[in-house]
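> using only what follows, build the 3D model:
(chains A and B)
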Amino acid sequence: MISETYVTIVVLFVLPIFLAAFILYCIRIIKGPSVPDMVLAVDALSFDIAAFMGILALYFKSSLLITGAIVLALWAYALDIFIAKYYEKKELGE
Amino acid sequence: MNEKMIDLIIFIIGAALMIIGAICDLIGALGFIRFPNFFVRLHAATIGAIGGAVYPLFGVALVALVMEAPAFTRYAIAGGAFVTAIIILLIAPTGSHALARATHRAKVVPVYPKICDHLEEDRGEVKEEVKEA
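Numbers count the residues shown, from 1 in each chain, chains lettered A, B, ... in the order given. Got it, this is the predicted structure:
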């Protein structure tokens, strides 16, 4: 068993870098010149929030936090596919 | 002694993966800000998705296995992180590719600072051949 202190040190080193990256992604989402840019940024942001939730689950020692990550990743994929389908055929299918 | 050593090695590998993932994430976000074009930004999106999400999740899975916690919590976090990492590894390239293909095909985004666009040229040649025939 690794003591809790080392895990906390690593997590506290990693968290600010992730938060800085989130702010930069949000800047691109807000001022993105076109819709595909925004969708791509939301996509990358969602995957990174999934990883962030995994790290938070380590920090709080909670197994409930990790269950949201799987659903979040799949929603980002659904957004990608919907936008791609719309641009390809100008409809959303049935 | 032996078990302690294996725990330490797994923890160091997991922590290194988490730190590499965080740095890759920052690099991808900087690329999102600095790159000029949608199709160039796809490279940054790949770094942000694979390097920034899959690596830290594998790191979380490894660290959670040797963490000091109840057994259910440890195995639940490790399994969930592993499954999420595999899912993101499969769906991030597929989604980016579908979006890029649809965008280029619908001409939503102008390919402005461009040197050459072979895909566009290929499509143009195909259309001309059809017209001649």
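
> so who does residue 25 touch?
In the absence of a named chain, chain A is used. A:41, A:44-45, A:48, B:29, B:32, B:48 (C-beta atoms under 8 Å, 6 or more residues apart in numbering or on different chains). Just so you know, the C-beta spots here come from the backbone N, C-alpha and C atoms, and that holds for glycine as well.

> the intended chain is chain B.
A:17-18, A:21, A:48, A:51, B:48, B:51-53, B:56.

> which of those residues are buried?
A:17-18, A:21, A:48, A:51, B:48, B:51-53, B:56 (16 or more other C-beta atoms under 10 Å in any protein chain shown).

> now for those residues: which two are most distant?
Greatest spacing in these, by C-beta to C-beta: A:Ile17 and B:Ala53 (13.5 Å).

> where does chain A have low pLDDT?
A:93-94 (pLDDT under 70).

> ok, now chain B?
B:125-133.

> mind jotting down where the helices sit in it?
For chain B, applying DSSP state H gives helices covering B:2-34, B:38-46, B:55-65, B:71-106, B:118-132.

> mind checking which of those is nearest A:Ala57?
Here helix B:71-106 is closest among the helices of chain B (C-beta to C-beta), at 5.2 Å.

> same for the closest one, what does it pack against?
helix A:35-60, helix A:65-89, helix B:38-46, helix B:55-65 (3 or more C-beta pairs under 8 Å, 6 or more residues apart in numbering or on different chains; DSSP states H and E).

> deepest-packed of these, please.
helix B:55-65 (a mean of 26; mean count of other C-beta atoms under 10 Å in any protein chain shown).

> now it against helix A:65-89, angle please.
160 degrees (axes from the mean of the first three to the mean of the last three C-alpha atoms, to 10 degrees).

> and helix B:55-65, what does it pack onto?
helix A:4-31, helix A:35-60, helix B:2-34, helix B:71-106.

> need the winner for burial among these.
helix A:35-60 (a mean of 23).

> mind giving me the packing neighbours of it?
Using 3+ C-beta pairs under 8 Å, 6+ apart, helix A:35-60 sits against helix A:4-31, helix A:65-89, helix B:2-34, helix B:38-46, helix B:55-65, helix B:71-106.

> turn these into TSV, including distance to B:Gly124.
Below are the helices and strands packed on helix A:35-60 laid out as TSV (distance: least, C-beta to C-beta, whole Å):
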stretch	distance to B:Gly124
helix A:4-31	31
helix A:65-89	19
helix B:2-34	30
helix B:38-46	18
helix B:55-65	41
helix B:71-106	13
